[in-house]
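>>> model this:
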Amino acid sequence: QVQLVESGGGLVQAGGSLRLSCAASGRTFSSYAMGWFRQAPGKEREFVAVISWSGGSTYYADSVKGRFTISRDNAKNMVYLQMNSLKPEDTAVYYCAADPNFSPTLYEYHYWGQGTQVTVSS
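Coordinates of the predicted model:
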């Protein structure tokens, strides 16, 4: 069982940066791949980034590649999403999720946080 709590969202101007954090509880955190997903108003939830259990592999959606960086600290049970060069179209609720498999597929993820709102103004 893994419980996830996101933080770090807020309002930022286009071109700005935010760092999202996801705190995980559970002794098996380091055995899970961790993903970030987002959901904009009126749209389906979509994949943003995923990191392997060791942190050695990452994968990004094309829409955020080169602007966002996912990282993790297994000693602290934390996952991060550094978001730079933010655009208004990045506005969404951002969720972290955990799954045993390294996957960009939303429906494979077993555990989800409650989400944190990111709003990018133009």
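
>>> Taking the centroid of the protein, which residue is nearest it?
residue 36 (2.4 Å; CA atoms, centre = their mean).

>>> Name whatever forms a beta bridge with that one.
Beta-bridge pairing for residue 36 (DSSP bridges): residue 49, residue 96.

>>> dump the residue contacts of it.
20, 22, 48, 49, 50, 70, 79, 81, 94, 95, 96, 97 (CB atoms under 8 Å, 6 or more residues apart in numbering). From N, CA and C alone the C-beta is placed, and that goes for glycine too.

>>> same thing with residue 53?
30, 31, 32, 33, 74, 102 are the contacts of residue 53 under CB under 8 Å, 6+ apart.

>>> please redo it, this time with the cut-off set to 10 Å
Contact analysis of residue 53 by CB atoms under 10 Å, 6 or more residues apart in numbering lists 28-34, 72, 74, 98, 100-102.

>>> Name the SS class of it, please.
For residue 53, the secondary-structure state derived from DSSP: H, G, I helix; E, B strand; the rest coil is coil.

>>> any idea how far residue 113 is from it?
Distance of residue 53 to residue 113, computed by CB to CB, to the nearest Å: 18 Å.

>>> With residue 18 instead?
16 Å.

>>> now residue 30
17 Å.

>>> for the protein, what spans make up the strands?
3-7, 10-13, 18-25, 33-39, 46-51, 58-60, 68-73, 78-83, 92-99, 111-112, 116-121 (DSSP state E).

>>> As JSON lines, those strands with mean pLDDT would be great.
Below are these laid out as JSON lines (pLDDT from 0 to 100):
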{"stretch": "strand 3-7", "mean pLDDT": "97"}
{"stretch": "strand 10-13", "mean pLDDT": "98"}
{"stretch": "strand 18-25", "mean pLDDT": "97"}
{"stretch": "strand 33-39", "mean pLDDT": "97"}
{"stretch": "strand 46-51", "mean pLDDT": "98"}
{"stretch": "strand 58-60", "mean pLDDT": "98"}
{"stretch": "strand 68-73", "mean pLDDT": "98"}
{"stretch": "strand 78-83", "mean pLDDT": "98"}
{"stretch": "strand 92-99", "mean pLDDT": "97"}
{"stretch": "strand 111-112", "mean pLDDT": "95"}
{"stretch": "strand 116-121", "mean pLDDT": "98"}
